[in-house]
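Engineer: this one's sequence-less:
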């Protein structure tokens, strides 16, 4: 077979003899060059060599995948028929919580890996990282181990890897499978171009009221993620800042040899009542000064009298008294653009990507 080269018509006859549901779509070249074939069973195209098809048992990879999945579904014991579709489940090895899956393979792999539920996995992680990493994000762990520049690089690589994985998975899915996984998108969605009425919006609001507030919120008790907010953000000497005013205060701390640590950790968390949202929330000040035992909040004057900040600061004063200090532009000289430019070009300041792009655009770099 390896030495024989067939004519286009001969290939079609061979395929009809062995697999009458497979058709050659493009022009045949030789036995070991991939061609495009069409499967009449699943109505999909696939790439394979003539040699692998004529010497194999099942030519269509899509059909193989479907049959394997159907076999797994039939043999899988932990399943329930819910609203006409099979839901697969397993139990957390720690708390015995029942966890449902739409995909049988994902459920099967989780059972093989003896994976914990989300809550138990987080509890275990917290115990493991009691050595100072507790409550820190992956980025903060990388930052403490490798420094800011490497942490940013690793974070970008992680994002790119995730993006590529999602794209790769989506490229193998049919339109039906995508709809099943993500729902109908665009014009295929029955709600496309329509809007909810005020009554429906209020009904939805009432149905979800309190479900993701307080301790039910995944971010409860945690500082805001690095990169959130509107201020120019980045790192100075491996310390994260959220505004240029905060950067200016950071520089003054280093210049005056003042011992401090960032206060955006659970250690300095302040629980207060947000009178606007009518619920409890958490507030994290900016810095703790070791020598004076002061808690510092850096905030521009125009934001001091917002209701949220009034609630935060009142609670902080109640806990720390005179040790809680608010630093504004009246107390420190805000860094000017030229000095900021020098620090950035000397790589003493590393901006978040979006602010780095703004900086480069401003200076035509």
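Structural biologist: Structure received. On a predicted model such as this, the values are computed, not experimentally measured, just so you know.
Engineer: hmm, who's touching stretch 110-121?
Structural biologist: 78, 90, 92, 93, 94, 95, 97, 99, 101, 124 (C-beta atoms under 8 Å, 6 or more residues apart in numbering). (Each C-beta comes from the backbone N, C-alpha and C, glycine too.)
Engineer: Repeat the analysis, applying 7 Å as the threshold.
Structural biologist: 90, 92, 93, 94, 95, 97, 99, 124 (C-beta atoms under 7 Å, 6 or more residues apart in numbering).
Engineer: residue ranges with poor pLDDT in the stretch 51-200 of the chain?
Structural biologist: The model of the stretch 51-200 of the chain has pLDDT under 70 over residues 125-136, 184-185.
Engineer: got the residue ranges for the strands in it?
Structural biologist: Taking DSSP state E, counting those that start in this stretch as the criterion, the stretch 51-200 of the chain carries its strands at 79-82, 85-91, 98-101.
Engineer: Which of those strands sits closest to residue 359?
Structural biologist: strand 98-101 (45.3 Å; C-beta to C-beta).
Engineer: Name the strands paired with the closest one and say parallel or antiparallel.
Structural biologist: According to DSSP bridges, strand 98-101 has the following sheet partners: strand 85-91 (antiparallel).
Engineer: Show me which residues of the strand it pairs with are buried.
Structural biologist: 88, 90 (16 or more other C-beta atoms under 10 Å).
Engineer: now the strands for the stretch 251-365 of the chain?
Structural biologist: 260-262, 270-274, 279-283, 287-289, 294-298, 324-327, 349-351.
Engineer: quick one: which of those strands is nearest residue 8?
Structural biologist: strand 349-351 (60.2 Å).
Engineer: what mean pLDDT does that closest one have?
Structural biologist: Average pLDDT, strand 349-351: 88.
Engineer: Name the residues that touch that strand?
Structural biologist: 148, 149, 152, 232, 234, 235, 236, 340, 343, 344, 359.
Engineer: ditto for stretch 324-340
Structural biologist: Residues contacting stretch 324-340 (C-beta under 7 Å, 6+ apart): 244-245, 247-249, 251-252, 294-301, 313, 316-317, 349.
Engineer: Return the members of those classed as buried.
Structural biologist: 244-245, 247-249, 251, 294-299, 313, 316, 349.
Engineer: Check these against residue 69 and report the nearest one.
Structural biologist: Distances from residue 69 to these, taken by C-beta to C-beta, are shortest for residue 349, at 52.0 Å.
Engineer: Buried residues, the longest helix along the chain. List them.
Structural biologist: Among the segments of the chain that qualify as a helix by DSSP state H, the longest is helix 148-171. Residues of helix 148-171 classed as buried by neighbour count (16+ other C-beta under 10 Å): 148, 151, 152, 154, 155.
Engineer: residues in contact with the closest residue to the fourth one other than its chain neighbours?
Structural biologist: Closest residue to residue 154 in three dimensions, ignoring its sequence neighbours and counting by C-beta to C-beta, 6 or more residues apart in numbering: residue 142, at 5.2 Å. When contacts are counted by C-beta under 7 Å, 6+ apart, residue 142 is found next to 150, 151, 154.
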